[in-house]
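# Need the 3D shape of this:
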Amino acid sequence: MHNLPFYEGANPTTNMNEDTIASAIVDAALKIHRHLGPGLLESVYETVLAYELTKKGFGVERQKAVPIVYEGTEFSDPFRIDLLVEGKVLGELKSVEKLQPVHYRQAVTYLRLAHLPAGLLINFNVPLLKQGLHRLVDGFGG
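Modelled structure (predicted):
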C-alpha cells in the first residue's frame, strides 16, 4: 500500500465544502480517464482515484462500511461506499456499458443512509467522461 497520508481509513482534516471536494474528484477522474481510458475494472479506477485525491491532500476512505439501524437493530457492515472524500462526499464508481436506473437509486440510497450531503456517480466506461459524471445532492440525482 502507499505511504501517502489519509490513504485508507482517513480522518477528514479540512473544512472544504462539498462543491470544492466534488470539483477535485471530477478533475482527478478526468485526468485518470484521459490516461487510462475506459474499460478497466471499477476497482482499478477506485484505487487510482483514491491515490490522486490523496496526493492532493484529501482525506479518502475506500470501501467505507456504513452501519444502518433497522427496527432498532444496528447492522455494522450492510453496505460499503466506494470512496468517501473528506467525510463529506460519496463517490460511487462504475465501469459499465450503460448506467441503469438501479445505479442511480443505489447511489441515492447510499447517500441518504450515510447521511451525506453530496455525492458523485461516475461511470468510467464511456468515450468521454463527462457522459459518465452524475452529481447527487441531498439524496436527489442531478
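
# Work out which residue lies at the spatial centre of the protein.
Nearest to the centroid of the C-alpha atoms of the chain, with distances taken as Cα atoms, centre = their mean, sits Gly91, at 1.1 Å.

# avg pLDDT for the longest strand seen in the chain?
In the chain, taking DSSP state E as the definition, the longest strand is strand 73-85. For strand 73-85, mean pLDDT rounds to 93.

# Give me the helices and strands touching that strand, please.
On a contact count with 3 or more Cβ pairs under 8 Å, 6 or more residues apart in numbering; DSSP states H and E, strand 73-85 meets helix 18-36, helix 42-55, strand 60-70, strand 89-94, helix 101-113. For the C-beta atoms, the positions are set from N, CA and C on the backbone; glycine is no exception.

# now the angle between strand 73-85 and the first one, please.
Orientation check (axes from the mean of the first three to the mean of the last three Cα atoms, to 10 degrees): helix 18-36 against strand 73-85 gives 70 degrees.
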